[in-house]
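Peer 1: Here is my input; please provide its structure:
(chains A and B)
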Amino acid sequence: MLRLPRLRYLRPATAGEAAASLSKLGSRAMFVAGGTDLFPNLKRRQFEPDTLVQVPPLKGVRRVDGHFEIGATVTLAEAAADPGLRAALPGFAEAAGLVSSPPLRNAGTVGGNLCVDTRCNYYNMTYEWRKSIGFCLKKDGDICLVAPSSPRCWAVSSSDTAPAAMVLGASVVLVGPDGERELPVAELYRDDGIEYLAKQPHEVVTAIRLPAPEGLLTAYVKLRRRGSIDFPLAGAAVALTLDGPIVTGCRIALAAVASHPLEVPEAGAFLAGKRLTDETISAAAELAAKPARPLDNADLTHFWRKKMVRVIVERAIRQAATPSTT
Amino acid sequence: MTQVRLQVNGAVREAEAWPGESLLYFLRERLGLFGSKNACEQGECGSCSVFFDGELVCSCLVLAAAAEGAQIVTVEGLEDDPVAARVREAMVAAGGVQCGFCTPGFVVAMTGLLRGNRHPSDLETREALSGNLCRCTGYVRIFEAVRRAGDALE
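Peer 2: Residues are numbered from 1 along each chain as shown, chains lettered A, B, ... in the order given. Below you'll find the model as predicted:
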């Protein structure tokens, strides 16, 4: 039976205090927000901290100067249901609403989903399972069981909201023991299955800032086995602007095809200045799918997942552009 | 061990717990509330569903200590709830109960759904109950129970 390890649990009043606690305790401590990703991982002994530091309540979805500022502990359910977000940035609201299941979205947070642990079939298993097959690089072992000759870990970035935020040019607010800084979401991630976050471990995400210019069209399409619960097997986020039928700007980013959310600038650039037609949409989707490298470490076959990247990018472009083109 | 003091089903309940104990473990092992079931422990099955300040959550993914200050309602606390009463009757009438292990979690989730929406569409029902797994019924009779309970609430 899976049980949480015995842990010290701290509830600091402010983000600054939370950062100071983590800074003092070092790698023995971890932040917890909603806990929907962390607690299963702790039960499987994928992390072994002795202390959890609760991220204090950082609530509110506010519109300021053409931006949305979302508190890091706004739940995924709250973000998905927010009328302002749904109207202005449906792609982001949709991505939040497609994470896991209703009870987990009621607890899981926007900040937590941006920082969600990378996943792999050989990693997201109980301690006993991992021990029986031989431990992997990401935890307790020294080889990658997906690519045994690889010096690195290929666990998959599994955040739905990260690519949806990336295509908006969003940034996160980070609070450390010495103050606050803003970091573009595009720079929050590293191409490594283990050290997948570029922030300092003691920096806590306190908010996410989403630019929401007039006329921006957004969409997020998610691929998974079941219509709910599952982590993405791939995801396509699109943000585009149109001048009549002509695309004036387009950004596309993918979920779950690499160890980090993957922006595909070639595909967005290709569409700029063009009319949206079946041919241009299909060509852009082809370009977007090119750098996607799904590996044999998630549900369903990676050949099929790779093929489906093109399909979901097409769907996302069409969805974003509706009703302008279809 | 530390002392944990929670508001459960409208009453203050207090017990010793080790730090980091889950709310589910606390409800079952410290307070003797066995209605919330212990199954996947990973937030996939919904058999431990409770209301946390009115929101449906998996109690296996909440720390008991994090629930201090919140209002927790378990399936036991829904005994006199008019919506839950119609849900229970409808589950029996529609044959939505077989082995019964998932049933308390479903009753909590269905009550949450019908509180906000008496006549959810099939898609809304499927989405709202997607965090609850049943390995016996195939869901058809559970969805039928949602419709019957909604009608009975008119």
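Peer 1: ranges for the helices of the stretch 1-150 of chain A?
Peer 2: A:15-25, A:38-43, A:76-81, A:83-88, A:90-97, A:102-107, A:110-114, A:127-133 (DSSP state H, counting those that start in this stretch).
Peer 1: And chain B, by the same measure?
Peer 2: B:23-25, B:82-94, B:103-116, B:122-128, B:140-152 (DSSP state H).
Peer 1: Would you list the strands that the helix or strand hosting residue A:238 pairs with, along with their directions?
Peer 2: Element membership for residue A:238 (DSSP states H and E) is strand A:234-243. Using DSSP bridges, the strands paired with strand A:234-243 are strand A:217-223 (antiparallel), strand A:246-255 (antiparallel).
Peer 1: Just put the ones you listed in a markdown table and tack on mean pLDDT and distance to residue A:196.
Peer 2: Placement of C-beta: from N, CA and C, glycine included. Below are the strands paired with strand A:234-243 laid out as a markdown table (pLDDT from 0 to 100; distance: least, CB to CB, whole Å):
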| stretch | mean pLDDT | distance to residue A:196 |
| --- | --- | --- |
| strand A:217-223 | 98 | 20 |
| strand A:246-255 | 98 | 13 |
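Peer 1: Quick check: closest non-adjacent residue to residue A:260.
Peer 2: Spatial nearest neighbour of residue A:260, chain neighbours left out: residue A:189 (3.8 Å); criterion: CB to CB, 6 or more residues apart in numbering or on different chains.
Peer 1: My error: substitute residue A:155 in the last question.
Peer 2: Nearest to residue A:155 is residue A:193, by CB to CB, 6+ apart, at 3.2 Å.
Peer 1: Give the helix, strand or coil label for that neighbour.
Peer 2: Following DSSP: H, G, I helix; E, B strand; the rest coil, residue A:193 is assigned to coil.
Peer 1: near chain A, which residues of chain B show up?
Peer 2: Applying CB under 8 Å from any CB of the partner chain, we find that chain B lies next to chain A at B:18-22, B:25, B:38, B:41-44, B:46, B:49, B:52, B:55-58, B:60-63, B:65-66, B:109, B:126-128, B:130-131.
Peer 1: Among the strands paired with strand A:234-243, which comes closest to residue A:55?
Peer 2: Residue A:55 lies closest to strand A:246-255 among the strands paired with strand A:234-243, at 23.0 Å (CB to CB).
Peer 1: what's the angle from the closest one to helix A:90-97?
Peer 2: 20 degrees (axes from the mean of the first three to the mean of the last three CA atoms, to 10 degrees).
Peer 1: mind listing what residue A:270 touches?
Peer 2: By CB atoms under 8 Å, 6 or more residues apart in numbering or on different chains, residue A:270 lies in contact with A:280, A:283, A:284, A:287.
Peer 1: if I've got this straight, it is in a helix?
Peer 2: Yes. If the criterion is three-state DSSP, then residue A:270 is within a helix.
Peer 1: follow-up on the earlier one: the residue nearest to residue A:155 is in contact with residue A:118, isn't it?
Peer 2: Yes. Counting by CB atoms under 8 Å, residue A:193 touches residue A:118, with 4.9 Å between them.
Peer 1: Any chance of the strands paired with strand A:234-243 in TSV with distance to residue B:144 and mean neighbour count as columns?
Peer 2: As requested, these are exported to TSV (distance: least, CB to CB, whole Å; neighbours: other CB atoms under 10 Å in any protein chain shown):
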stretch	distance to residue B:144	mean neighbour count
strand A:217-223	29	24
strand A:246-255	36	23
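Peer 1: separation between residue A:134 and residue A:142?
Peer 2: Distance of residue A:134 to residue A:142, given as CB to CB, to the nearest Å: 10 Å.
Peer 1: Compare the contacts of residue A:270 and tell me which is most surrounded.
Peer 2: Per-residue neighbour counts (other CB atoms under 10 Å in any protein chain shown) across those peak at residue A:284, which has 28 neighbours.
Peer 1: which strands and helices sit next to the helix or strand containing that one?
Peer 2: In the assignment (DSSP H and E), residue A:284 maps to helix A:278-289. Helix A:278-289 is packed against strand A:246-255, helix A:265-271, helix A:302-321, with contacts defined by 3 or more CB pairs under 8 Å, 6 or more residues apart in numbering or on different chains; DSSP states H and E.
Peer 1: Show me what the last one is in contact with.
Peer 2: Surrounding helix A:302-321, the residues in contact under the criterion CB under 8 Å, 6+ apart are A:91, A:217-223, A:233-240, A:242, A:250, A:252, A:254, A:257, A:267, A:271, A:276, A:281-282, A:284-286, A:288-289, A:292-296, A:298, A:325-326.
Peer 1: and the residue nearest to residue A:260, bridged to which residues?
Peer 2: With DSSP bridges as the criterion, residue A:189 is bridged to residue A:197.
Peer 1: Pull the contacting residues for it.
Peer 2: Contacts of residue A:189 by CB under 8 Å, 6+ apart are A:157, A:162, A:196, A:197, A:198, A:260, A:261.
Peer 1: wait, isn't the third one in contact with residue A:158?
Peer 2: No. With contact defined as CB under 8 Å, residue A:196 does not reach residue A:158; the gap is 10.0 Å.
Peer 1: In chain B, where is pLDDT below threshold?
Peer 2: Across chain B, nothing is flagged by pLDDT under 70.
Peer 1: Mind listing residues that contact stretch A:14-24?
Peer 2: Here stretch A:14-24 has contacts from A:10, A:12, A:29-31, A:51, A:53-56, A:58, A:175-177, A:201-204, A:206, using CB under 8 Å, 6+ apart.
Peer 1: any idea how chain B splits into domains?
Peer 2: Per automatic domain parsing, the structural domains of chain B span B:2-75, B:80-152.
Peer 1: Single out the residue in the stretch 51-200 of chain A that lies closest to chain B.
Peer 2: residue A:101 (3.2 Å; CB to the nearest CB).
Peer 1: quick one: that residue from residue B:132, how far?
Peer 2: From residue A:101 to residue B:132 the distance is 8 Å (CB to CB).
Peer 1: ditto for residue A:83
Peer 2: Taking CB to CB, one finds residue A:83 at 27 Å from residue B:132.
Peer 1: In terms of neighbours, single out the busier of those two.
Peer 2: Neighbours were counted for residue A:83 and for residue B:132 using other CB under 10 Å; residue B:132 has more, 26 against 9.
Peer 1: pretty sure that one is in contact with residue B:103, am I right?
Peer 2: No. Using CB under 8 Å, residue B:132 is not in contact with residue B:103; the gap is 9.7 Å.
Peer 1: what sits against residue A:96?
Peer 2: Counting by CB under 8 Å, 6+ apart, residue A:96 has contacts A:76, A:77, A:79, A:80, A:105, A:110, A:113, A:160, A:161, A:164.
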